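A.B. asks: Could you work out the structure for the sequence below:
(one chain, ligands or ions: 1)
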Amino acid sequence: MSGLGFTRADWPEGFLFGVATSAYQIEGHAQGGAGRTHWDDFAATPGNVVRAENGALACDHLNRWAEDLDLIAGGGFDIYRFSTSWARVLPEGRGAANPEGLDFYDRLVDGMLARGLKPALTLYHWELPSALNDLGGWRNRDIAGWFAEYAEVLCRRIGDRVWSAAPINEPWCVGWLSHFLGAHAPGLRDIRATARAMHHVGLAHGNATQVMRGLGMGNLGAVCNFEYALPLSDSAEDIAAAKRYDGIYNRWFLGAMFKGAYPEDVLEGLGPHMPDGWQEDMATICQPLDWLGLNYYTCKRIAHAEGPWPHLSEHVGALPQTQMGWEICPEGLGHFLRFARDNYTVDLPLYVTENGMANPDTPDQPDTARIDYLRAHFAQAREAISEGVPLKGYIVWSLMDNYEWALGYEKRFGLVHVDFDSLQRRPKASYQALKAALAQA
Ligand code: FCB
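C.D. replies: Here you go, the predicted structure:
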């Protein structure tokens, strides 16, 4: 038995394990002919990102990808969930492609296959080409067409060799976090922009899914993030506020993608701000999918608040927290696996596509907190499986320490430690624990 409390034999036959990263967080965006992105612009604006750090060099994965793939294969993982950067493929977002960018992803996918890894592609993990942000970005309905063009250019090149593909990582972050809370690029706090982004991101998902099907690709899914919404008190008002939060965060995209309908309780607030004719797009958003990926990290306490819709405030409760200040709440993962199956996906395969924790790791100290975190969350997954939830794989965030968006390089999520001066990679105790667990039949 390993520190994680399981071996492969404790999981159903064929259950897959993986690690995840994303392009802007690791590649080194200033290199290789990539175009400017709205994350470069956001980070260059004082006050948005800790120490105004950006992804210009990040982990220099662009040049160190072979070493990184060796680490994944060496850990005994089956899947590598990676993303491609729109601006690396199409520097202006449309039009002329960057051959160097396409060559890089081509080599990367071949590198995975050569090591026996399953390439799990995400086409958009948040770095929008600046040229498209100039045109309104996710507020502009045309983005669904621009995204389809990008999907086509990219997938004509690598679509024949990827194991799975999902168009957009965490649509809630693209819509709400970036346009309502203003915490991510483009940093807006505007309900009209939010409603539009929350709709266009779904439409872009639908369009890209159609493009990929048209190219003959299979195993297409969606990756959504979920936060366990708990009422701050048991007052009726707080309970209602938590339900609203749950609708915005957890039910908006599932409703659109799997039922072709937005939840009524969220339309109450966003409805007046939606683009004309949005109803006609629902059939496109609701494409047949082959799987759902769930990203899960934490819970949130929600209270009623006076003021405009959604009349709520967010609080942190008393559970132990990670370096992000996120409460460690494993039962939320079990909740969402059952919730998705029971209400949306039925017998469709589910994957945990992200789960992990930030910890102030140093290279020489065992990251036992991360091992404990993972053990508790893996246990929830196994329990859900024992209740018949068709969970088929579990992907840990992240392979290595990287650019944690508005929190810069300070928050370390890696199984592998990265020294951001020397760029040296050093596997942590959590990597060794997973390696030991996965090596045992
Ligand atoms: C998720 C993101 C990922 C990383 C983790 C910690 O929301 O998909 O890029 O930032 O959180």
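
A.B. asks: List the buried residues of the longest strand along the chain.
C.D. replies: If you go by DSSP state E, the chain has its longest strand at strand 291-304. Going by neighbour count (16 or more other CB atoms under 10 Å), the buried part of strand 291-304 is 291-304. No exception for glycine: its C-beta is placed from N, CA and C like everyone else's.

A.B. asks: Pipe those residues into JSON lines and attach pLDDT and distance to the ligand per row.
C.D. replies: Output for the buried residues of strand 291-304, formatted as JSON lines (pLDDT from 0 to 100; distance: CB to the nearest ligand atom, whole Å):
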{"residue": "291", "pLDDT": "99", "distance to the ligand": "17"}
{"residue": "292", "pLDDT": "99", "distance to the ligand": "15"}
{"residue": "293", "pLDDT": "99", "distance to the ligand": "11"}
{"residue": "294", "pLDDT": "99", "distance to the ligand": "12"}
{"residue": "295", "pLDDT": "99", "distance to the ligand": "6"}
{"residue": "296", "pLDDT": "99", "distance to the ligand": "10"}
{"residue": "297", "pLDDT": "99", "distance to the ligand": "6"}
{"residue": "298", "pLDDT": "98", "distance to the ligand": "10"}
{"residue": "299", "pLDDT": "98", "distance to the ligand": "15"}
{"residue": "300", "pLDDT": "98", "distance to the ligand": "14"}
{"residue": "301", "pLDDT": "98", "distance to the ligand": "19"}
{"residue": "302", "pLDDT": "98", "distance to the ligand": "19"}
{"residue": "303", "pLDDT": "98", "distance to the ligand": "23"}
{"residue": "304", "pLDDT": "98", "distance to the ligand": "26"}
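
A.B. asks: quick one: which of these is nearest to residue 366?
C.D. replies: Closest approach to residue 366 among those (CB to CB): residue 297, at 21.7 Å.

A.B. asks: Next one: the residue nearest to that closest one when sequence neighbours are not counted from the ligand, what distance?
C.D. replies: Nearest non-adjacent residue to residue 297, counting by CB to CB, 6 or more residues apart in numbering: residue 326, 5.7 Å away. Separation of residue 326 from the ligand (CB to the nearest ligand atom, to the nearest Å): 9 Å.

A.B. asks: these two touch, right, residue 326 and residue 317?
C.D. replies: No: applying CB atoms under 8 Å as the test, residue 326 and residue 317 come out as separate, 10.7 Å apart.

A.B. asks: who's more crowded, those two?
C.D. replies: residue 326 (17 against 12; other CB atoms under 10 Å).

A.B. asks: hmm, back to that, roughly how far apart are the residue nearest to residue 297 and residue 314?
C.D. replies: 12 Å (CB to CB, to the nearest Å).

A.B. asks: Wasn't residue 119 part of a helix?
C.D. replies: No: with DSSP: H, G, I helix; E, B strand; the rest coil as the criterion, residue 119 is located in strand rather than a helix.

A.B. asks: So what pairs up with it in the strands?
C.D. replies: residue 80 (DSSP bridges).

A.B. asks: most centrally placed residue in this structure?
C.D. replies: residue 169 (4.1 Å; CA atoms, centre = their mean).

A.B. asks: which residue packs closest to that residue, ignoring adjacent ones?
C.D. replies: With CB to CB, 6+ apart, the residue lying closest to residue 169 is residue 125, at 4.2 Å.

A.B. asks: Start from the N-terminal end of the stretch 151-300 of the chain and give the strands.
C.D. replies: In the stretch 151-300 of the chain, the strands defined using DSSP state E, counting those that start in this stretch lie at 164-168, 221-231, 291-304.

A.B. asks: could you dump the shortest one to PDB, C-alpha only?
C.D. replies: Right, the one you point to is strand 164-168. Provided in PDB are the C-alpha atoms of strand 164-168 (Å, rounded to 0.1, in the frame of the first residue of the first chain):
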ATOM      1  CA  SER A 164      -9.500  12.900 -26.700                       C
ATOM      2  CA  ALA A 165     -10.300  16.500 -27.300                       C
ATOM      3  CA  ALA A 166     -12.300  19.200 -25.400                       C
ATOM      4  CA  PRO A 167     -12.800  22.700 -26.900                       C
ATOM      5  CA  ILE A 168     -12.700  24.900 -23.800                       C
END
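
A.B. asks: So what touches that strand?
C.D. replies: Here strand 164-168 makes contact (CB atoms under 8 Å, 6 or more residues apart in numbering) with 118-124, 147, 151, 155, 159, 174, 201, 204-205, 208-209, 212, 217, 219-223, 290-291, 293, 353.

A.B. asks: near the ligand, anything from it?
C.D. replies: No: for strand 164-168, no contact with the ligand is found by CB under 6 Å from any ligand atom; the gap never falls below 10.7 Å.

A.B. asks: And that strand, how far out from the chain middle?
C.D. replies: 10 Å (CA atoms, centre = their mean, to the nearest Å).

A.B. asks: which parts of it are buried?
C.D. replies: 164-168.

A.B. asks: try the second one
C.D. replies: When burial is assessed from 16+ other CB under 10 Å, strand 221-231 yields the following buried residues: 221-231.

A.B. asks: can you redo the residues you listed as JSON lines with distance to residue 248?
C.D. replies: Supplementary listing: the buried residues of strand 221-231 in JSON lines, determined by distance: CB to CB, whole Å:
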{"residue": "221", "distance to residue 248": "22"}
{"residue": "222", "distance to residue 248": "17"}
{"residue": "223", "distance to residue 248": "18"}
{"residue": "224", "distance to residue 248": "12"}
{"residue": "225", "distance to residue 248": "12"}
{"residue": "226", "distance to residue 248": "12"}
{"residue": "227", "distance to residue 248": "10"}
{"residue": "228", "distance to residue 248": "14"}
{"residue": "229", "distance to residue 248": "9"}
{"residue": "230", "distance to residue 248": "15"}
{"residue": "231", "distance to residue 248": "15"}
